[in-house]
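Novice: no FASTA, just this:
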């Protein structure tokens with residue numbers, strides 16, 4: 001029932017405003033607002049689906065990491081950039097205090113570690129009242145790197161604290177709860193951190209007194225450690241001075257075959273690729289794709305993985 005409700009809420013907004021746009025009765029200013037609402041709710045819907053898929057992979061044991069040397073400062077900064085608009089909307093102050101002298105690295109999946117930090121930040125902002133504060137700290141601790149997310153939010157009761165990382169568990173599970181969500185974010189955090197050989201811990205002085213979430217990840221060891229650390233520092237500096245809006249590459253003269261049995265998805269993908277300069281042919285089935293490939297060979301094949 002919870003999953004159904006959480007999926008239907010953004011879906012209703014998307015369908016309702018899309019139909020209003022289709023009626024062509026909205027003034028220009030309301031049309032722009034409708035597009036922003038559709039975009040925001042589509043992102044919320046995608047996030048819910050991603051969480052459900054991640055839990056499915058975790059339960060099935062099919063979630064795989066792509067380990068590499070990871071600069072936690074850069075990963076955390078990227079996560080902060082994502083949640084900053086949400087914090088501004090709620091008038092929540094975000095502060096990041098990394099130990100920049102520490103260049104210790106961890107071995108892990110950068111994308112999954114960013115997901116961990118992003119979930120913790122989103123959770124902290126969600127449960128922090130307007131005018132509150134969320135602080136993020138990164139520092140070495142013995143043979144581990146420690147990430148702490150500290151908020152001034154509603155805190156956690158002693159009764160709920162032992163269950164905070166359980167799937168589908170929420171402090172307020174009643175139908176009239178103030179905060180939406182499936183109760184999966186922190187469960188995913190725990191699973192991902194443990195897959196990296198680390199630990200995550202939650203602490204709170206009590207309701208109304210904020211909470212602290214601490215992630216500890218083992219520091220990489222080995223002969224390549226020093227070289228990797230130096231390279232990460234160099235990349236950190238390069239990233240801080242790079243243009244925030246890199247130009248996307250053109251696809252001129254590239255021949256692309258799009259295979260998708262969903263007409264709407266096929267049309268959208270074709271349009272995006274065509275606008276980037278590619279020569280696109282789109283078909284709706286494997287049979288059509290094989291027939292086309294008998295006569296010509298495209299440079300790139302873009303295919304849906306769940307064709308009927």
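Specialist: It's in. All values derive from a computational prediction rather than experimental measurement.
Novice: And for stretch 297-306, what's in contact with it?
Specialist: Outside stretch 297-306, the residues within contact range by C-beta atoms under 8 Å, 6 or more residues apart in numbering are 254-262, 265, 269, 273, 278, 281, 289. Placement of C-beta: from N, CA and C, glycine included.
Novice: switch to 7 Å and redo it
Specialist: 254, 255, 256, 257, 258, 259, 260, 261, 262, 269 (C-beta atoms under 7 Å, 6 or more residues apart in numbering).
Novice: Got phi/psi on the closest residue to residue 131 other than its chain neighbours?
Specialist: The shortest distance from residue 131 to any non-neighbouring residue, by C-beta to C-beta, 6 or more residues apart in numbering, is to residue 91 (5.6 Å). For residue 91, the backbone dihedrals (degrees, to the nearest 10) come out as phi 60, psi 40.
Novice: isn't residue 91 right up against residue 132?
Specialist: No. Contact criterion C-beta atoms under 7 Å: residue 91 and residue 132 do not qualify, at 8.2 Å.
Novice: which of the two has more neighbours?
Specialist: Neighbours per residue (other C-beta atoms under 10 Å) separate residue 91 from residue 132, with residue 132 holding more: 19 against 11.
Novice: What does the pLDDT read for that one?
Specialist: pLDDT for residue 132: 93.
Novice: wouldn't it be in contact with residue 92 here?
Specialist: Yes. Applying C-beta under 7 Å, one finds residue 132 in contact with residue 92, separated by 5.2 Å.
Novice: Name all residues that make contact with the residue nearest to residue 151 when sequence neighbours are not counted.
Specialist: If the residues on either side of it in the chain are set aside, residue 151 comes closest to residue 124, at 3.9 Å by C-beta to C-beta, 6+ apart. Applying C-beta under 7 Å, 6+ apart to residue 124 gives the contacts 134, 149, 151, 153.
Novice: again, only using 10 Å
Specialist: Contact analysis of residue 124 by C-beta atoms under 10 Å, 6 or more residues apart in numbering lists 83, 87, 92, 94, 132-136, 149-153, 210-213.
Novice: Among the residues you listed, which ones are in helices?
Specialist: Among the contacts of residue 124, the residues falling in helices (DSSP state H) are 83, 87.
Novice: quick one: low-confidence ranges for the stretch 1-150 of the chain?
Specialist: 2, 100-104 (pLDDT under 70).
Novice: overlap in contacts of residue 132 and residue 92?
Specialist: With C-beta under 10 Å, 6+ apart as the test, residue 132 and residue 92 both reach 124, 125, 151, 152, 153.
Novice: Taking the residues you listed, tell me the two that lie furthest apart.
Specialist: Greatest spatial distance among the shared contacts of residue 132 and residue 92 (C-beta to C-beta): 125 and 152, at 11.0 Å.
Novice: Find the residues that touch each one of the two.
Specialist: 92, 132, 134.
Novice: which among those residues gets closest to residue 67?
Specialist: residue 134 (28.8 Å).
Novice: Isn't that closest one up against residue 83?
Specialist: Yes. Judged on C-beta atoms under 10 Å, residue 134 makes contact with residue 83 at a distance of 8.8 Å.
Novice: what sits in contact with each of those two?
Specialist: 92, 94, 120, 121, 124, 125.
Novice: export the residues you listed to JSON lines and tack on distance to residue 299?
Specialist: Shown next, in JSON lines, are these (distance: C-beta to C-beta, whole Å):
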{"residue": "92", "distance to residue 299": "47"}
{"residue": "94", "distance to residue 299": "44"}
{"residue": "120", "distance to residue 299": "42"}
{"residue": "121", "distance to residue 299": "40"}
{"residue": "124", "distance to residue 299": "45"}
{"residue": "125", "distance to residue 299": "43"}
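Novice: Of the residues you listed, which is the nearest to residue 37?
Specialist: Among the shared contacts of residue 134 and residue 83, and counting by C-beta to C-beta, the member closest to residue 37 is residue 125, at 20.1 Å.
Novice: The closest one sits in which helix or strand?
Specialist: Per DSSP states H and E, residue 125 falls inside helix 110-126.
Novice: about what we covered before: pretty sure the residue nearest to residue 131 contacts residue 134?
Specialist: No. Under the criterion of C-beta under 10 Å, residue 91 makes no contact with residue 134, lying 11.8 Å away.
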